[in-house]
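Participant: Sequence below, structure please.
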Amino acid sequence: METLVQVLKLGAGVGLFLFAMVLIEDSISKSAGRNFKLFLQKITKNTLGAVAGGAVVTGILQSSSMVSIMVLAFVSAGVFTMKNALALILGANLGTTLDSWLVATLGFKTNIEVIAYPAVLVGGLLLILFSKRKSIKYVSYFLLGFGLLFIGLSFMKSAMMAQLETFDFAVYASKPLLIYLLIGFLITLLLQSSSVTMALTLTAIHVNAIDFSHATVIVLGSETGTTIKLLLSGIGGNAIKKRVLLGNLLFNVCLTILAFVFLQPIIQFITLVMNIQDPLIALVTFSTLVNLVSVMLFLPILGPFTRFLDKFFRHSQISNAAFISQANSSEPQTALDLFNRETRYFIHNCMLLNMQSLNIEAGFIKRDSVFTTINDTKRFNEKTVEDKYEFLKMLQGEIQSFYVLLRQKLLPEQLNELNQLVAGVRHAMYSAKSIKDVSANIFNLGQSSKLVKYNMLVQRKTQTEKLYQLLFTMCNNSEKPANKSIQDVFKMIDRNYNLALHDFYKDPQTVFLLEIDFTTVINFNRELLSSNQAMATAVQSILTDEKQNLILHQDQYLSL
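Facilitator: Now for the predicted structure:
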C-alpha cells in the first residue's frame, strides 16, 4: 500500500510540474505574446539571429514546443523562410535547457519551499481578488506556476527517496544503455515535455537511483521523444511545414545518435576537463553542451540541408489561404496575427483583380515582396480575371470557416479585432463583385467610338488608380492613420463620383447618345463608387480599431 501511495505521489508531482509549466507559459505568452512574435519576425533576417532569438524566446517562455508551433505556423504562412525556421528551432532546443539549470540549481540546492509556498499563497489571493484585471491575473498565474513547479518537484523527490527504501534500483545498473535511451524517449512521448523528463532524471540522480552515465542517455532519449508532438501537429499540413518537421526530426535523431556514439568522450570532457563533479550540474551541462554542438554542426550546412528537404512532399495539397491554412486555433493570438495577415493578403489580391478588370497598371501594388512571392507560388498573377475571382471566393470561404473556429477561442478584445478583420474581407469581396458586375460595361466603354463614353472610363480609371495608390500607402505605413485622413479618402471617393457625373453631363454632346448609353455610364459610375467605398472600408478595417471604425461609420452616415 505504501508503494502505491508513493507512486501516486510521484504522479502527482509530475502533474503539478506539468500544470505549473502551463501556467507559466500562459502567463507570459498572454501578457507579452504578441511582442514575442514580433520579436521573432524581426530577428529571423539571418540564421544566426534566428538561433539566438529562438534560444532567448524559449528561455523566457520555457516551452520549446510552443515556440516550435509558432514557427511552424509562420513558416507555413510564408513569414519565415524554411532555413530561418530551422535555425529558430535549433535555438529553441538550446533555450529549453535554461529550465534545467533553474531546476538543478534552485530545486535541489536551496530550500525552495520557503519561496514556493508564499508564491502560491500570493498568486492565489491575487487571482481571487483581482481576476478581472488582466495584467494582475497573469502575474498571479506566473506566481502560481512558479510555486507549483517546485512543489511538484518536491513531491517527486520525496516519492523517489521513499522508493529507494523498498526498491533496489541497482539491479538495473547493468542493463544496456539502449534501454535507458528508450526510457527517456517513452517518458517524453507520454508526458510530451522534455523538461519533465529532465526533472525526473535529476530527481533520480539526486536520490542516487541512477548514475550519471545512465541519466545522460535518458536525456538523449528525450531529445527525440519531444519531436513526436510536433510531428502529429503536421498531419495534413502543407509541404513547407512538413519539410520543417522532417528537418527537426532529422536534427534530433542525428543529435541523439552522435551523442550516444561519443557518450564516453563527452562525459570525460565534462567531468575531467571541465572538472564538474556535481552530477546535477554535470547533467544539465551535458544537455546544454549537446544542443550547443548541434547548433554548431547544423548551422553552417542549413543551406544545403534546406535544399535537401525541398525534395520531399512535392505533391502536398496547398489551400488557397496564404497564412491561416496551417494556423493552430489552440494558440489564439498567433492564429489572430495570421488572420490579420490573411486579411491583408485578401485585400491585396482584390485590389489586383479590380485593377486588372479596369486595365490599370498594378506595378506599385506588386512592390509588396511578401505577397508577390506568395502569388508567384500560387500562380495567382497568371490566372484570368474569372479564375482570380473564383480563387478569391474560395479563399473567402476558407477565411470564413477559420473565423467560425477561431472566434470560440478568443477573449472579448481579441474577438472584436477578429470581427473587424472578417468584415474587411467581406467589404473587399464586395468591392471585387461590384467591378465584376459591370465588366460588360467596362468593355463597352473601352471599345466605344463615342468620346464622351470613353472619356468617362479613362477619367474613372485615373481616379481609381490614385485611390489605390493612396490605400496601398496607408496599408504599408507602420503608423495608424488619423481619423481625418481616412475620412478624407471617403470624401475623395464621393467627390470623384460626382465630378465624373458632372463632366459627363456638361460635355458637348457632339454625338447622339442612346438611352442604353446613359444606362451604361450611370451604372458603371455607380458600381465603381460602391466598389471604391467598399475597398476603402476594407482597408479601414485593418488600420483602425473598433471604436475609430464606429465613429467613422457614423460620420459617413451623417454625410449622406
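Participant: burial measure for S449, as a count.
Facilitator: Applying other Cβ atoms under 10 Å, we find 7 residues neighbouring S449. C-betas here are computed from N, CA, C, even on glycine.
Participant: now swap in L246 and tell me
Facilitator: The local packing of L246 (other Cβ under 10 Å) involves 16 other residues.
Participant: tell me the contacts of it?
Facilitator: L246 sits next to 309, 312-313 when contact means Cβ atoms under 8 Å, 6 or more residues apart in numbering.
Participant: show me where pLDDT drops low in the stretch 101-250 of the chain?
Facilitator: Counting by pLDDT under 70, the stretch 101-250 of the chain contains low-confidence ranges at 107-113, 157, 160-173, 192, 229, 232-238.
Participant: Can I get the buried part of the contacts of L246 as one PyMOL selection?
Facilitator: Burial among those is assessed by 16 or more other Cβ atoms under 10 Å; the matching PyMOL selection reads:
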select buried, resi 309+313
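Participant: Between the contacts of L246, which sits nearest Q447?
Facilitator: Nearest to Q447 among those: F313, at 47.6 Å, using Cβ to Cβ.
Participant: rewinding a little: out of the contacts of L246, which sit inside helices?
Facilitator: Counting by DSSP state H, the contacts of L246 place L309 in helices.
Participant: Can you lay out the contacts of L246 as a markdown table showing distance to V293?
Facilitator: What follows is the contacts of L246, written out as a markdown table (distance: Cβ to Cβ, whole Å):
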| residue | distance to V293 |
| --- | --- |
| L309 | 21 |
| F312 | 26 |
| F313 | 29 |
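Participant: Save the contacts of L246 as a markdown table, and put in pLDDT too.
Facilitator: As requested, the contacts of L246 are exported to a markdown table (pLDDT from 0 to 100):
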| residue | pLDDT |
| --- | --- |
| L309 | 88 |
| F312 | 83 |
| F313 | 74 |
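Participant: ok, the contacts of L246 vs A440, which is closest?
Facilitator: The closest of the contacts of L246 to A440 turns out to be F313 (Cβ to Cβ; 43.5 Å).
Participant: residues touching the closest one, list them.
Facilitator: By Cβ under 8 Å, 6+ apart, the neighbours of F313 are 239, 242-243, 246.
Participant: Just among the residues you listed, which is most surrounded?
Facilitator: Neighbour max across the contacts of F313 (other Cβ under 10 Å) = R243, 25 neighbours.
Participant: Which secondary structure element is home to it?
Facilitator: helix 239-261 (DSSP states H and E).
Participant: after that helix comes which helix or strand?
Facilitator: Heading C-terminal from helix 239-261 (DSSP H and E), you reach helix 263-268.
Participant: average pLDDT for the next helix-or-strand element following that following helix?
Facilitator: Once helix 263-268 ends, the next helix or strand along the chain (criterion: DSSP H and E) is helix 279-298. Regarding helix 279-298, the rounded mean pLDDT is 90.
Participant: Any buried residues in helix 279-298, and which?
Facilitator: 279-291, 294-295, 298.
Participant: can you list the domains in this protein?
Facilitator: 2-309, 332-559 (automatic domain parsing).
Participant: I'd like to know which of those is closest to S319.
Facilitator: domain 332-559 (5.9 Å).
Participant: hey, where'd the helices end up in the stretch 451-560 of the chain?
Facilitator: 451-475, 483-506, 515-543, 546-559 (DSSP state H, counting those that start in this stretch).
Participant: Which of those comes out lowest on mean pLDDT?
Facilitator: helix 546-559 (a mean of 44).
Participant: on that earlier part again, can you tell me which of the contacts of F313 comes closest to V219?
Facilitator: So of the contacts of F313, ranked by how close each gets to V219 (Cβ to Cβ), first place is L246, at 23.2 Å.
Participant: wait, which of the contacts of L246 is closest to S434?
Facilitator: Looking across those and measuring by Cβ to Cβ, the closest to S434 is F313, at 39.6 Å.
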